[in-house]
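Asks: Need a 3D model of the sequence below.
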Amino acid sequence: MLQLATDPAWTALALSRFDEVLVDHAHCEKKAAAHALSLLASFPDVPGLPRAMARLAREEAGHLGQVLALLDQRGLSLGRDHGDPYAQGLLKRARTPRRERIVDMLLVSALIEERSRERLELLGQHLPDPALRAFYGKLAEAEAGHGALFVRLARRVAPAEAARKVEWALETVGLAGFGQRNSTSLSGGQQQRVALARCIACDTPVILLDEPLSNLDAKLRLVMRRELRDLQRRLGTTMIFVTHDQEEAMSLADEVFLFNAGRIEQSGKPVDIYRRPKTRYAAEFFGKVNLVPVSAGELDGATRILHGPNQIVLRAPANVTIPASGPIACAIRPEAWRITAAGPRSIPGRVLDVMHLGDRAELRVDTPLGIQLVVILDDAKTAVGDAIHLDPQPVFAQLLSDPTGSTP
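Replies: Purely as a prediction, here's the structure:
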């Protein structure tokens, strides 16, 4: 679409291509009438808006008829609509399925009308034909009136919309009816919901949450974590969540950025960082891990032989990435170990400690590889002092460069 501006060079270009401008103008009038009808259909209960939009749609349709008559006089057809990227971009930002954006839509509509007025006024000042100058002058006045109408409507509905938006935000975070409560009388979890409601009511495109659950008790943290995730999915709002809690990152994030001394150590999906850490820092920070010094050996079918301390042999997938140089550590998550029957390849160990955590138990096991942390389903049968054997082929094993380690 030919864009008009106050620069004389642009004005001259527009006048030299007036037929193209006229076709574009017809499409603009057509879309303006459709936009007014769309607002009427979308917001029938906003006081004064349906009647105003119906009148506006009739006026825009009348203008369209006049422009089409001009096209016919000049032997032109309506042709293809090339669109107006500026107006389309504004409307795309304001348009949403939520009714809370009615004020935004009205103000954006006023902005587009003002831009249209400037363009029409420009043509009215420079067209050589007196009849066309008068025609476009009247259209510019009409566009000014339309812009003022949208502004008046926005001012009229803004207070009611603000109150309604507050109610909607409180209802969204599960605090319907709490609008008159003093925040100091609310519980910790309710205060966190109030903070979220404030962000939602302001229609914030990005919400920053800086360790919002750190001061809550363990049970409430779990509840709020689930509510945060559900809320983000319902709203589709981008949330940046700062946390030192690995479980929060695993359960909430679509993508994790792990920082170390102000630099990104690793980024990716939570499960990828957990199972495939690229550095020792990432492995130790993002969950519990056993780090066993090893040297990479030969391939044995679908496995890679790893030589550990005390001539213990571990096995990893054949496609495991081997660091290029320096000492290597095999990163094994506690739940990757499996307790197995005694055998020629099993790793013997003795249970030093058992921590029962409800659905699971954490064992500290003394083995030839060193003390290993092992997580199992809590069957209440494993006790301190028990002799057990570990499978030498962990479910997940990752090889890391280990500058602080030594070759076994």
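
Asks: which one's the longest helix in this structure?
Replies: helix 130-172 (DSSP state H).

Asks: following that helix, which helix or strand comes up?
Replies: On the C-terminal side of helix 130-172, the nearest following helix or strand under DSSP states H and E is helix 188-201.

Asks: List the buried residues of the helix or strand following that next one.
Replies: Scanning forward in sequence from helix 188-201 by DSSP H and E, the next helix or strand is strand 206-210. Neighbour counts using 16 or more other C-beta atoms under 10 Å place 207, 209 of strand 206-210 among the buried residues. C-beta here means a position set from N, CA and C on the backbone, and glycine is covered the same way.

Asks: ok, now stretch 23-42?
Replies: Of all the residues in stretch 23-42, those buried under the rule 16+ other C-beta under 10 Å are 23-33, 35-40, 42.

Asks: related to what we said a few turns ago, just want the angle from the longest helix of the chain to helix 188-201.
Replies: Using axes from the mean of the first three to the mean of the last three C-alpha atoms, to 10 degrees, the inter-axis angle of helix 130-172 relative to helix 188-201 is 170 degrees.

Asks: can you offset everything so residue one is 12?
Replies: OK, 12 is where the count begins now, so the last one is helix 141-183.

Asks: And the average pLDDT for helix 141-183 is what?
Replies: Mean pLDDT, helix 141-183: 81.

Asks: From the contact counts, what lies against that helix?
Replies: helix 60-84, helix 113-137, helix 199-212, helix 229-246 (3 or more C-beta pairs under 8 Å, 6 or more residues apart in numbering; DSSP states H and E).

Asks: what's the most buried one of these?
Replies: Highest mean neighbour count among the helices and strands packed on helix 141-183 (mean count of other C-beta atoms under 10 Å): helix 113-137, with a mean of 20.

Asks: what's the angle from that helix to helix 141-183?
Replies: Using the same axes, to 10 degrees: helix 113-137 against helix 141-183 is 170 degrees.

Asks: what's the spacing between the residue of the chain positioned farthest from its centre and Glu132?
Replies: Within the chain, Pro141 marks the point farthest from the mean C-alpha position, 54.3 Å out by C-alpha atoms, centre = their mean. Separation of Pro141 from Glu132 (C-beta to C-beta, to the nearest Å) stands at 16 Å.

Asks: now swap in Asp241 and tell me
Replies: Applying C-beta to C-beta, the value for Asp241 to Glu132 is 51 Å.

Asks: On the pLDDT front, check Asp377 for me.
Replies: Here, the pLDDT recorded for Asp377 equals 95.
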